[in-house]
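Asker: no FASTA, just this:
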């Protein structure tokens, strides 16, 4: 079983969905986890749910001053990070014919640009031999109508993983991606104006998965826990699909 | 490999995990390895096909792709410790993590694919190669 005893982890997007499940699993494996997200109310709920060995820092990963504040706090309290999990991300489906500049810029600002600066600013704090895990998406390798900017923003993240693997090799920092298929999280509510719409989207995506169901956020968390641990000590630069077989079809 | 898995089907529990061992030779051109590389690339295809055939039984089929691994086979294939060290150094030079895999590291990745921690991982390829084929 993966063991993260004594490790310090940062999980962005840690108040909900995949990020929350991952933070919870990291704590169960013995890590101390910092979670960051934009809304204090959601962070407070997440801290209660996780229960121990967790600290929440409110902030927006696309704001560089917020990142500086976050890392200053971690540096003063723990001095170092062993694991960085980039869970902050958004979707905003728009067909190309209706794509707005605002939507395009927002997707790249959070999914791509913010991730690059989240990792950049973590580098002085990251221990050599540490692990960086980012979230791409099955969308990066598929043509899904409505996902022009989202898919491209995630394909860029897969590219980051290759570059950073090469750049950080002398520090033995392993950089890997998990590519989720459709996962049952509140991101469906983000994309639909009504509950019925969200549930319909869930059903549609589940039908596209060979396993016939959405993934659970815990199933991404368990893959993240593996990649973060010494069990994955020779795994670097990969993009691991966790998608119930969806990328096989 | 095909018949190994075929004949195991009546004995596999629903929800079982099938792990096919491939090689980085299936991802890169290594002179002298035509048939080996092609035969191992076929396994990646098997993983996709069998994922679709066995999904109703919840059986996960994945491929693991190890990079160069430090085993006694290296010493067995050369004539001196110096030659063995040279072979190891040559492999390490191509690997971002700067060394070959330990067999335990391949085993740990297999354990992940065998366990419930990979319950939503199906039809995929897990590269355990120190970053070699990703850069």
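Answerer: Great, that's in hand. Being a predicted model, the structure only gives us computed values, none of them experimental. Numbers count the residues shown, from 1 in each chain, chains lettered A, B, ... in the order given.

Asker: in the helix ranked longest in chain B, what's buried?
Answerer: Longest helix of chain B, by residue count under DSSP state H: helix B:34-54. Across helix B:34-54, burial judged by 16 or more other CB atoms under 10 Å in any protein chain shown covers B:37, B:40, B:43, B:44, B:46, B:47, B:48, B:50, B:51, B:54. C-beta here means a position set from N, CA and C on the backbone, and glycine is covered the same way.

Asker: quick one, helices of chain B?
Answerer: Going by DSSP H, chain B shows helices at B:2-8, B:34-54, B:72-76, B:81-93, B:103-114.

Asker: quick one: the second one near chain A?
Answerer: Think helix B:34-54. Yes. Counting by CB under 8 Å from any CB of the partner chain, chain A is contacted by helix B:34-54 at B:47, B:48, B:51, B:52.

Asker: Now for the third one: which residues touch it?
Answerer: With contact set as CB atoms under 8 Å, 6 or more residues apart in numbering or on different chains, residue B:51 has these partners: A:210, A:245, A:248, A:249, B:60, B:61, B:122, B:123.

Asker: So what's the predicted local confidence for it?
Answerer: You'll see residue B:51 listed with a pLDDT of 95.

Asker: what's near enough to touch the residue nearest to it when sequence neighbours are not counted?
Answerer: Of all residues not flanking residue B:51 in the chain, residue B:123 sits nearest, at 3.5 Å (CB to CB, 6 or more residues apart in numbering or on different chains). Contacts for residue B:123 (CB under 8 Å, 6+ apart) come out as A:210, A:241, A:245, A:247, A:248, A:249, B:47, B:48, B:51, B:52, B:61, B:62.

Asker: same check, this time on residue A:185
Answerer: Applying CB under 8 Å, 6+ apart, the residues near residue A:185 are A:16, A:17, A:18, A:217.

Asker: In three-state terms, label it for me.
Answerer: Here residue A:185 is coil, with the state taken from DSSP: H, G, I helix; E, B strand; the rest coil.

Asker: C-terminal to the helix or strand harbouring residue A:34, which secondary structure element comes first?
Answerer: Take DSSP states H and E as the rule and residue A:34 turns out to sit in strand A:32-37. Following strand A:32-37 in sequence order, the next helix or strand is helix A:40-50 (DSSP H and E).

Asker: Just want the angle from the helix or strand following that following helix to helix A:40-50.
Answerer: Moving toward the C-terminus from helix A:40-50, the next helix or strand (DSSP H and E) is strand A:54-58. Interaxial angle of strand A:54-58 relative to helix A:40-50 (axes from the mean of the first three to the mean of the last three CA atoms, to 10 degrees): 170 degrees.

Asker: Contacts only, for the residue nearest to the spatial centre of chain B.
Answerer: Centroid-nearest residue in chain B, with CA atoms, centre = their mean: residue B:65, separated by 2.8 Å. If a contact means CB under 8 Å, 6+ apart, then residue B:65 has B:22, B:23, B:24, B:26, B:27, B:125, B:126, B:127, B:128, B:129, B:133 as its contacts.

Asker: who wins for neighbours among the residues you listed?
Answerer: Neighbour counts for those (other CB atoms under 10 Å in any protein chain shown) peak at residue B:129, which has 29 neighbours.

Asker: distance of that residue from chain A?
Answerer: 7 Å (CB to the nearest CB, to the nearest Å).

Asker: Spatially nearest residue to that residue (excluding sequence neighbours)?
Answerer: Counting by CB to CB, 6+ apart, residue B:129 lies nearest to residue B:67, which is 2.8 Å off, once chain neighbours are set aside.

Asker: try residue A:123
Answerer: Excluding its sequence neighbours, the residue lying closest to residue A:123 (CB to CB, 6+ apart) is residue A:168, at 8.0 Å.

Asker: what's the farthest-apart pair in the contacts of residue B:51?
Answerer: Checked with CB to CB, those reach their widest spread between A:249 and B:60, with 14.4 Å between them.
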